[in-house]
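Q: Sequence and predicted model, in that order:
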Amino acid sequence: MKLVLFQQSETSPVLPGLMNERGIVNISAAVRPNHTPQLVMEGIIDDFEVLRPTLAELDRSASSLPIASVRLRAPLPRPHKILCALANYWEHAQREARPLNMFMKNPDAVIGPGDTIELPAYTDPWMFMHEAELALVIKGPAKMVKHESWRQAVFGYTCFIDVTARGEGRRTWPASQPMSWLGKSFDTFAPLGPCIVTADEIAEPNDLVVRFWNDGQLRHNYNTDDMEHRVPELVEFATTVMTMFSGDIIACGTNHEGLGALQDGEKVEIEIEGIGRMALKVHDPLKRSWERGIYMGVDSTHPDAVRRHRPPDAV
């Protein structure tokens, strides 16, 4: 199933729904009401096994609203935690896995389909770049989850863009420097959506194609099989450090070969196989410009093939 939050107009309430080939099915009458859309979705995650038969029947037979007639919102508007894997992809000729590490991203930075990434009016020589990623949606509480039990903690999957500010471009600002976390946490720097796909719909999260377009130019085009540290390891690592709750997010990192700048007036789109596609706009109040194009490599942006860099002997 594909779970969404949506509005029928800009002033109407945000409602939970199911997205299918017919459109959007309103499921608000079938789920627990709550004070915020985030809490409604967390309740659906917690109650899902009880709700599943009812939701499945609604998905099959209930009337639907055309997708063009509604406004999709971020399916998790304010997660308690967003954990992001640092690097985490085999790239170019790299043959040694880097140590697994994560950082926390500002949960208030979440926006959804059709929203606008607002580049900050910050005058330091920063470039703002996209990192298209698969994100895990957690079912909690999850603590000390072992590698082999990772599926117990993963409710579903969504698309995530880790928008990142990099001083004078990526080359001169290693992620190890202290400002890295702040450069990823400006308002609107966590686009998420368009839906949550329940875990039963994705047989293998480490075999999905992630694509990202900037004004129609394909930039990211890679397979999640190339993760250095795969989904079970990410879940084990994160839940060893902290308790993860329903609706928390683990972003799996990106293949950096397709990175490029975001700038004023552009339209960006992310699509992950089996999940969906969403588009956003970019606005820069300072109207800055950077060289347009791809900053690291070209192999992963070939439109007809996705090259896998994972070494054959990688675990």
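A: Right, received. Where do you want to start?
Q: and the residue nearest the centre of the chain, what is it in contact with?
A: Nearest to the mean C-alpha position of the chain, counting by Cα atoms, centre = their mean, stands F160 at 1.6 Å. Residues near F160 by Cβ atoms under 8 Å, 6 or more residues apart in numbering: 132-135, 190-192, 249, 251, 270. For every residue, glycine as well, the C-beta is placed using N, CA and C.
Q: Out of those, which sit inside strands?
A: 132-135, 190-192, 249, 251, 270 (DSSP state E).
Q: For the contacts of F160, could you give me TSV that also reports neighbour count and distance to L39?
A: Below are the contacts of F160 laid out as TSV (neighbours: other Cβ atoms under 10 Å; distance: Cβ to Cβ, whole Å):
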residue	neighbour count	distance to L39
A132	26	28
E133	26	25
L134	24	25
A135	27	19
A190	28	19
P191	27	21
L192	28	16
I249	23	16
A251	25	22
I270	26	26
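Q: Output the residues you listed in a markdown table, with distance to T116 and pLDDT appended to each entry.
A: Formatted as a markdown table, the contacts of F160 follow (distance: Cβ to Cβ, whole Å; pLDDT from 0 to 100):
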| residue | distance to T116 | pLDDT |
| --- | --- | --- |
| A132 | 17 | 97 |
| E133 | 20 | 98 |
| L134 | 23 | 98 |
| A135 | 20 | 98 |
| A190 | 13 | 98 |
| P191 | 10 | 98 |
| L192 | 14 | 98 |
| I249 | 21 | 98 |
| A251 | 20 | 98 |
| I270 | 15 | 98 |
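Q: From those, pick the one nearest L5.
A: Minimum distance to L5 across the contacts of F160 is 10.8 Å, recorded for L192 (Cβ to Cβ).
Q: I figured the closest one hits A135, correct?
A: Yes - counting by Cβ atoms under 8 Å, L192 touches A135, with 6.8 Å between them.
Q: Need the residues touching each of those two.
A: Any residue near both L192 and A135 by Cβ under 8 Å, 6+ apart counts here, and that gives 158-160, 249.
Q: Which two of those residues have the greatest separation?
A: C159 and I249, at 11.2 Å, using Cβ to Cβ across the shared contacts of L192 and A135.
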